[in-house]
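[1] Let me see the structure of the following:
(chains A and B)
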Amino acid sequence: MINSKVFFQGLKSLKGSKSPAIPLAACFVALGALLKDAGFNLQQSAASSLFTYALPGQLVMAESLLVGASLVNIFIAVWLVNFRLYPMTVSLFPLLEHKTQPKWKYYLSCHFLAVTSWLIAKDGYKKIDKKHRIDFWIGIGIGTWTTAILMTMAGYLSAEYLNKDMLIGLAIVNPVYFFCMMIGAMKNLSISVAVIGGTILGPLIYVFSTEWALLFAGLIAGTIAFLMGEKNGK
Amino acid sequence: MESSQIIILAIIATSLATFISRFMGALTSEKVSVKSKVFQWFNCVAYSTLAALLGRMIIFPAGVLAESELMIRIVVVCICVIIFILSKKNLVIPTIFSGIILSILS
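    Predicted structure coming up:
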């Protein structure tokens, strides 16, 4: 059902000089401590990472709860911040598609789609035989997802031993890791324009609209990047 | 409502709001060919949306990161990117370095 050799190849991407385990651990430890602060218990904190597994959305949820936002507001705010997962899925899953693979694998494993797993899969899919790429993805997904859940619990349990400066240090690790990975992915003109344009437009549009910033910045910078790539033959 | 009920409902709302985008993505993927222009466009939009999120996380952070100085965050990110390039794209060194240096500076 699942090709175990390829599955473990995916799982092993958690080791080595490109290891996502450390930055992933750091940010979920920080999240665990934050959730404790927001009044969650250990089970609820673990459940949040188990069922949501998307850090920016979980941060929005915790902060919204702290200011007493309504459920509808939480839903909309999270949807807007996590909407990036839609273009991310569409830009990855066709690469993993194979007609011999059952659909349920795709429908279930889309839950593993997060920035870390996406960047690893985009970086490594070419090495894997097309037929088994979805199993490679499931391996990456199980590894990163489990790390996130366990580290949320570790963060919750160690919250009282972590001071503010340590938590700030943990919180920067994640954006720095993603930034480095994105720079590593800038191999052609359109991706480079997309990354640089998005980085500039994201905070710029945020000044005018906190909620819609990501969606607009992504659409505008992404479309410009696409058109430039087309014009210059990538 | 009790606070623990509100938390459980918030977890459900957050998880649903997140899964919708993933699942819609999986459904759309069935109709998108790797060689098509639409795929290229989605790829660009995915990278720029992600970059926008990262830019926002560093300039206007949520959570504890908001308590550090903006200039220090920008300097730390720049130093780490340079380390990343100099270390032949090793990701472990710059990420560990970033956490330690920001803890010390803040």
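[2] use CA for all of it now, contacts and neighbours both
    OK.
[3] Enumerate every residue touching A:I22.
    By Cα atoms under 8 Å, 6 or more residues apart in numbering or on different chains, the contact set of A:I22 is B:92, B:96.
[4] what helix or strand is it on?
    Using DSSP states H and E, the element containing A:I22 is helix A:21-37.
[5] Buried residues in that helix, which are they?
    By 16 or more other Cα atoms under 10 Å in any protein chain shown, the buried positions in helix A:21-37 come out as A:21-36.
[6] Repeat that for stretch B:54-63.
    For stretch B:54-63, by 16+ other Cα under 10 Å, it's B:54-63.
[7] Let me know whether the helix of greatest length in chain B sits next to chain A.
    Ranked by residue count and defined by DSSP state H, the top helix of chain B is helix B:3-29. Yes - residues of helix B:3-29 are located near chain A by Cα under 8 Å from any Cα of the partner chain, namely B:4, B:7-11, B:13-19, B:21-26, B:28-29.
[8] Tell me the gap between that helix and the middle of its chain.
    18 Å (Cα atoms, centre = their mean, to the nearest Å).
[9] What of stretch B:26-44?
    The chain centre lies 22 Å from the centre of stretch B:26-44; the measure is Cα atoms, centre = their mean.
[10] likewise stretch B:65-72?
    That offset, for stretch B:65-72, works out to 17 Å (Cα atoms, centre = their mean).
[11] before we move on, back to that, among the residues of helix B:3-29 next to chain A, which ones are buried?
    Buried residues within those, counting neighbours by 16+ other Cα under 10 Å: B:7, B:10-11, B:13-19, B:21-26, B:28-29.
[12] low pLDDT regions in the chain?
    No chain was given, so I picked chain A. A:17, A:234 (pLDDT under 70).
[13] hm, I was asking about chain B
    Within chain B, the stretches with pLDDT under 70 are B:1.
[14] What are the boundaries of the helices in it?
    Assigned by DSSP H, chain B shows helices spanning B:3-29, B:37-59, B:70-86, B:92-105.
[15] Using JSON lines, lay out these together with distance to A:S45.
    Listed next are those as JSON lines, based on distance: least, Cα to Cα, whole Å:
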{"stretch": "helix B:3-29", "distance to A:S45": "9"}
{"stretch": "helix B:37-59", "distance to A:S45": "22"}
{"stretch": "helix B:70-86", "distance to A:S45": "28"}
{"stretch": "helix B:92-105", "distance to A:S45": "23"}
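[16] Outline the domain layout of chain B.
    B:1-31, B:33-60, B:68-106 (automatic domain parsing).
[17] where along chain A do the helices fall?
    Ranges of helices in chain A, per DSSP H, are A:4-11, A:21-37, A:42-51, A:55-66, A:71-82, A:85-90, A:93-96, A:103-109, A:115-124, A:133-158, A:164-185, A:189-208, A:213-231.
[18] For B:N90, find the nearest of these.
    Taking Cα to Cα, helix A:164-185 is the member of those nearest to B:N90, at 9.0 Å.
[19] Please look at A:L50 and A:T147 and confirm they touch.
    No - the criterion here is Cα atoms under 8 Å, and A:L50 misses it with A:T147 at 10.4 Å.
[20] looking at it, A:G229 is touching A:K187, isn't it?
    No - judged on Cα under 8 Å, A:G229 makes no contact with A:K187 at a distance of 12.0 Å.
[21] neighbour count winner among the two?
    Applying other Cα atoms under 10 Å in any protein chain shown to A:G229 and A:K187 shows that A:G229 carries more neighbours, namely 21 against 11.
[22] ok, that one - contacts?
    So A:G229 contacts A:189-190 (Cα under 8 Å, 6+ apart).
[23] again, but for A:Y177
    For A:Y177, the contact set (Cα under 8 Å, 6+ apart) comprises A:23, B:91, B:94-95.
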